[in-house]
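Undergrad: Just need the structure, nothing else, for what follows:
(chains A and B)
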Amino acid sequence: MDDALKAPSRRAFLKGSAAAVAGSVAAGAAVAAEPDPLITELQDWASSLGEGVDETPYGLPIKYEDDVVRRNVPWLTADPISSINFTPIHALDGTITPQGCAFERHHSGAIELSKPDYRLMINGLVDQELVFTYADLERFPRENHVYFCECAANTGMEWAGAQLNGVQFTHGMIHNMEYTGVSLRTLLNEAGLGAAGDLKDKWVYVEGADASSNGRSIPMEKALDDVLVAFKANGEALRKEHGYPVRLVVPGWEGNMWVKWLRRIEVTDMAVESREETSKYTDVLADGIARKWTWVMDAKSVITSPSPQSPITHGPGPMVISGLAWSGHGQITRVDVSKDGGMTWETARLGRQGDTKALTRFYLDTEWDGQEMLLQARAMDETGYVQPTKAQLREVRGENSIYHNNCIQTWHVKTNGEAENVEVS
Amino acid sequence: MSKFLKVTAAALVLGSPALAEEKFGLGRPALPEEVAAWNKDVLPDGRGIPEGRGDVFTGEEVFAEQCAVCHGDFAEGVDNWPVLAGGFDTLGDKDPVKTVGSYWPHLSTVWDYVNRSMPFGAAQTLSPDDVYAITAYILYSNDLVDDDFELSHENFADFEMYNKDGFIIDDRAETEYTIWSGEPCMENCKDEVKITMRASVVDVTPEEADEGADGAMQGHSEGTVEVAATEQAAEPEAEVVETAAVAVDPELAAAGEKVFRKCKSCHQIGEGAKNRSGPQLNGVMGRTFGAVEDFKYSKVFNAAAEEGRVWDDESMSAFLAKPKGYLKGTKMGFGGLKKEDDIAAVIAYLRSASE
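TA: Numbering: from 1, shown residues only, chains lettered A, B, ... in the order given. Below you'll find the model as predicted:
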């Protein structure tokens, strides 16, 4: 490691953290020199009254947490209407993403479509073309499932090299919610698939109601497997920005297919080859040939803390290294963590056994010796797949890809607790 | 497609016992008119395309009116907006230029996307003939057809795109999954590790991250929210003064609203209008140039602001007729309104919508 490199960051919060490290080091074995006034003096909140009920009919997090918000990277896109922002995963724990800070990606802005105005059409190669209202959907048998939704472009800016200094920006195009909805299989059965004949070469084209008319072709096999027509997330109605009142959930597959404001499901005998499945969401290899229909999100993991936006703020001693792992192929079975850039690894503890195609939280409860670390995480899923390094990905795909970058991420943690996004040999 | 048929459970479903599930009798039959209104996608073999025709010459005009503000007069792309032309034989280079000409494998995708999703902010307002014409012009701007080319439902399905053979179906199962599996290395996996690249050197992380985290470390400030609210409250007052002075013809304003669709992809006006690629336009008439807070104007606009130049009928007409001619160096990519009637209508709309 090159300690001679000048300190790269002029970030105030990192200065703050460095000071905190110094403070705790000076305090040594945590013996208080003087009584703590927060304990010995009467505090206002312990004497006067707080807010009554109904002060906030629908609550937001307390003001002290107001930096835990979605952020965007303005230079990425021409306009915020057709753009993306990022989940503050550096500040979250557990696995469920609150809707209010779950990343957004719109192609023509987030529309306001009411339940009374909502219609869902099934057309094409079905026995009876149908129209459903929102109320109709609520009368079908419902299912609950937790799934991650990851944009195929998550970590895409890192193909060429370490670019963005924060796990929110490198890995924040992801969220994980508990969905309530009707299985797409149930709705297709309601319209009847007899007219489609042999289902093996049939497709379902799904389309949104917004001005982008975003549409994707899904092979019938997946459509009849685990796709959900969802109207609730984390127990409450979907947020406007996530497709209120109804969105599609396509477990384990790239987020672009999770069509929001879902208005139409068409059974076809070929893929539509829409703009979003030809000019976008295809992967140019080194020789200029592109992969298409790369739907599944492969196993991936990242350490969320410590990370550039979540530095170590204490001195040497006990610490928790924590992160997220997920796989579009099923369950996460194991996550290994390295502190030395991949020379040696130790197996982390899973917060609990992950659901299939959902985020899994991992922890490495460890001791920090106060020295530099090159932190990495490496996920394995139930198929035996091992998350690759960036070098391995580049060897197969070249450097011109945008989507499906599931490489092992490295954070360089310095002696003062700051962390930086780096690439290592 | 057999690669995703290997999952046995799902194959059973395809074997169709699940399809014998009982029906619930919910929903109602879709009427033919309803299906026709929404079922607009066009398949690669041309199925689904409506009858119509458009030539390159017409397409150039329609493109200039409807598309050039973002995509450039020659489909070269303004700012970060997509480049539609060129980039041939760059797909194997570092930073390939993926355009309609160099990359898109099917013509149906172009027609379908223009028809259903464009223009940005006024989707599904183009006639089929206009969509044929725009598509023909995009092909022409890519040197894929001559200037006398006409595209119609008759020759549509025969057209082959340059990169039609440039795609393979996902082969990760063979090229990646077999390699990246098994028991991974746990010890002595490398002899040494060196840092080869640092994000701080590139330095492209948004600054807001600093400010937000700053707030958290230094204690919360409630002042910011209040200041913003005051500024917004002050805005409508200025508008009232302006609109009171000039009576607006409602019919003219209504016509202007239609013309304003061309402006909507970059400008907002009315209640809650925000800055986008262009500044919000509430109260623009009667205001000095470059006066919207928090909008990053071009140099020429800032200079005009310092001179105290004001938007009135004369200056706005001249600007809308030829933006780059009137204010050389403006970031506004719009080519200008050709008809004087349209200009007068838009000005009337700018006044009425600010009310």
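Undergrad: Pick out the residue nearest the middle of chain A.
TA: A:Ile174 (1.3 Å; CA atoms, centre = their mean).
Undergrad: For chain B, see how far away that one is.
TA: 18 Å (CB to the nearest CB, to the nearest Å). (Each C-beta comes from the backbone N, C-alpha and C, glycine too.)
Undergrad: Which is the succeeding secondary structure element to the helix or strand hosting B:Ala255?
TA: Here B:Ala255 sits within helix B:250-259, counting by DSSP states H and E. Sequence-wise, the next helix or strand beyond helix B:250-259 is helix B:299-307, with elements assigned using DSSP H and E.
Undergrad: Check the offset of that following helix from the chain's centre.
TA: When distances are taken as CA atoms, centre = their mean, to the nearest Å, helix B:299-307 is centred 28 Å away from the chain's centroid.
Undergrad: That one: which residues count as buried?
TA: B:300-301, B:304 (16 or more other CB atoms under 10 Å in any protein chain shown).
Undergrad: likewise stretch B:312-332?
TA: Neighbour-count burial for stretch B:312-332 [16+ other CB under 10 Å]: B:315-317, B:319-321, B:323-324, B:326-327, B:330-332.
Undergrad: Save those as JSON lines, and put in distance to chain A too.
TA: Shown next, in JSON lines, are those (distance: CB to the nearest CB, whole Å):
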{"residue": "B:Ser315", "distance to chain A": "26"}
{"residue": "B:Met316", "distance to chain A": "24"}
{"residue": "B:Ser317", "distance to chain A": "27"}
{"residue": "B:Phe319", "distance to chain A": "22"}
{"residue": "B:Leu320", "distance to chain A": "21"}
{"residue": "B:Ala321", "distance to chain A": "25"}
{"residue": "B:Pro323", "distance to chain A": "18"}
{"residue": "B:Lys324", "distance to chain A": "19"}
{"residue": "B:Tyr326", "distance to chain A": "24"}
{"residue": "B:Leu327", "distance to chain A": "21"}
{"residue": "B:Thr330", "distance to chain A": "17"}
{"residue": "B:Lys331", "distance to chain A": "12"}
{"residue": "B:Met332", "distance to chain A": "14"}
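Undergrad: These: which two are farthest apart?
TA: B:Ser317 and B:Lys331 (20.2 Å; CB to CB).
Undergrad: For chain B, name the helix or strand with the lowest mean pLDDT.
TA: One helix or strand of chain B scores below all others by mean pLDDT, DSSP states H and E: helix B:223-245, with a mean of 34.
Undergrad: Let me know the closest of the buried residues of helix B:299-307 to chain A.
TA: B:Phe301 (19.0 Å; CB to the nearest CB).
Undergrad: so how far is B:Leu320 from that closest one?
TA: Applying CB to CB, to the nearest Å, the value for B:Phe301 to B:Leu320 is 15 Å.
Undergrad: what's the neighbour count on A:Trp258?
TA: Counted with other CB atoms under 10 Å in any protein chain shown, residues neighbouring A:Trp258 total 27.
Undergrad: Quick check: it vs A:Arg394, distance?
TA: In terms of CB to CB, A:Trp258 sits 28 Å off from A:Arg394.
Undergrad: cool, and A:Gly156?
TA: Counting by CB to CB, the gap from A:Gly156 to A:Arg394 is 14 Å.
Undergrad: what does A:Lys357 give?
TA: With distances taken as CB to CB, A:Lys357 is found 26 Å from A:Arg394.
Undergrad: A:Gly351 too?
TA: Distance from A:Gly351 to A:Arg394, by CB to CB: 32 Å.
Undergrad: Please apply the same query to B:Arg309.
TA: Counting by CB to CB, the gap from B:Arg309 to A:Arg394 is 53 Å.
Undergrad: Mind checking which of these two has more residues around it?
TA: Taking other CB under 10 Å, B:Arg309 and A:Arg394 do not tie; A:Arg394 has more neighbours (18 against 15).
Undergrad: List the contacts of stretch A:359-369.
TA: Stretch A:359-369 is contacted by residues A:93-95, A:97, A:148, A:174, A:176, A:301, A:312, A:316-326, A:331-332, A:335, A:337, A:339, A:346, A:348-354, A:377 when judged by CB atoms under 8 Å, 6 or more residues apart in numbering or on different chains.
Undergrad: Out of those residues, which end up buried?
TA: Members of the contacts of stretch A:359-369 classed as buried by 16+ other CB under 10 Å are A:95, A:97, A:148, A:174, A:176, A:301, A:312, A:319, A:321-326, A:331-332, A:335, A:337, A:339, A:348, A:350-351, A:354, A:377.
Undergrad: which regions of the stretch 151-300 of chain B lie under the pLDDT threshold?
TA: Applying pLDDT under 70 to the stretch 151-300 of chain B flags the ranges B:208-246, B:265.
Undergrad: again, only using 90
TA: For the stretch 151-300 of chain B, residues meeting the criterion pLDDT under 90 lie at B:200-268, B:270-280, B:283, B:285-288, B:290-300.
Undergrad: can you pull out the helices in the stretch 201-350 of chain A?
TA: A:220-223 (DSSP state H, counting those that start in this stretch).
Undergrad: low-confidence ranges in it?
TA: Using pLDDT under 90, the stretch 201-350 of chain A drops low at A:214.
Undergrad: neighbours around A:Ala33, how many?
TA: Around A:Ala33 there are 5 other residues, counting by other CB under 10 Å.
Undergrad: Who are the packing partners of the helix holding B:Ala255?
TA: Under the contact definition 3 or more CB pairs under 8 Å, 6 or more residues apart in numbering or on different chains; DSSP states H and E, helix B:250-259 sits against helix B:340-353.
Undergrad: pLDDT averaged over the helix it packs on, what's the number?
TA: Average pLDDT, helix B:340-353: 88.
Undergrad: Next, the angle from that helix to helix B:250-259.
TA: 100 degrees (axes from the mean of the first three to the mean of the last three CA atoms, to 10 degrees).
Undergrad: which strands and helices sit next to helix B:340-353?
TA: On a contact count with 3+ CB pairs under 8 Å, 6+ apart, helix B:340-353 meets helix B:223-245, helix B:250-259, helix B:313-321.
Undergrad: how about a cut-off of 6 Å?
TA: Contacts defined by 3 or more CB pairs under 6 Å, 6 or more residues apart in numbering or on different chains; DSSP states H and E place helix B:340-353 against helix B:250-259, helix B:313-321.
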